[in-house]
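Student: Quick one, fold the following:
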Amino acid sequence: MIVLREPFTADSPFLVENLNDVRVIEHLSSRIPTPYSVTDSLHWINVLSSLDAINRIIEVNSQAVGVVGAYLSRDQAEIGYWLTPDVWGKGIASQAVSLFSSWLFRHTTVSEIINPVNAQNIASRRVMEKTGYKPVKTETFINKNNHMDSEVFYLLTKADNGRLY
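Tutor: Residues are numbered from 1 along each chain as shown. Here you go, the predicted model:
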């Protein structure tokens, strides 16, 4: 069973371990510091999670397996998530994104949620499509390694979310 809960200080070792795993961070936002330290994790838990963001730890059978969260801006949110590699391919990301998206629509003024997904991240693109998000545009940019890269922007509206359930 998947549970989405608020992050706690005790989650710091979990965050540090996983946000220093190249498999986890390969397609994540360049906003995440590299290397990721205990100080970074405590700042995220105690400060960033209370400003203009809502973040949740994803648990399966009382074990932390990832994070899902969103930055809020008026009526729009930008969602993001990551999982530990040992649970990839088990449908956990789809369940977590679906639960969290529905929660955002019910408990905030958000009317649409976007997610920029690295075009090469086929697994995350499938998660977006399985949870009702629609691709709306693609942008090309220079990534943190100074290479050309592309993101596909996915959108879910409150009206679309209501039709899914």
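
Student: remind me, longest helix of the protein?
Tutor: helix 92-107 (DSSP state H).

Student: gap between it and the chain center?
Tutor: Shown here is helix 92-107, whose average C-alpha point lies 10 Å from the average C-alpha point of the whole chain (CA atoms, centre = their mean, to the nearest Å).

Student: for this protein, which spans come out with low pLDDT?
Tutor: Scanning the chain for pLDDT under 70 picks out the ranges 48-51, 144, 162-165.

Student: Could you list the buried residues of stretch 146-162?
Tutor: Neighbour-count burial for stretch 146-162, with 16 or more other CB atoms under 10 Å as criterion, is recorded at 151-158, 160-161. Where C-beta positions appear, they are placed from N, C-alpha and C, glycine not excepted.

Student: Grab the two from those that are most spread out in space.
Tutor: Of all pairs drawn from those, the widest gap by CB to CB lies between 151 and 158 and measures 23.0 Å.

Student: now, which of the buried residues of stretch 146-162 lie within helices?
Tutor: Among these, the members falling in helices (DSSP H) are 158, 160-161.

Student: Turn those into TSV, columns for distance to residue 67.
Tutor: Output for these, formatted as TSV (distance: CB to CB, whole Å):
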residue	distance to residue 67
158	23
160	24
161	21
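
Student: on that earlier part again, and the longest helix of the chain, what does it pack against?
Tutor: If you count contacts as 3 or more CB pairs under 8 Å, 6 or more residues apart in numbering; DSSP states H and E, helix 92-107 packs onto strand 2-5, strand 53-60, strand 63-73, strand 76-83, strand 112-118, helix 122-130, helix 158-164.
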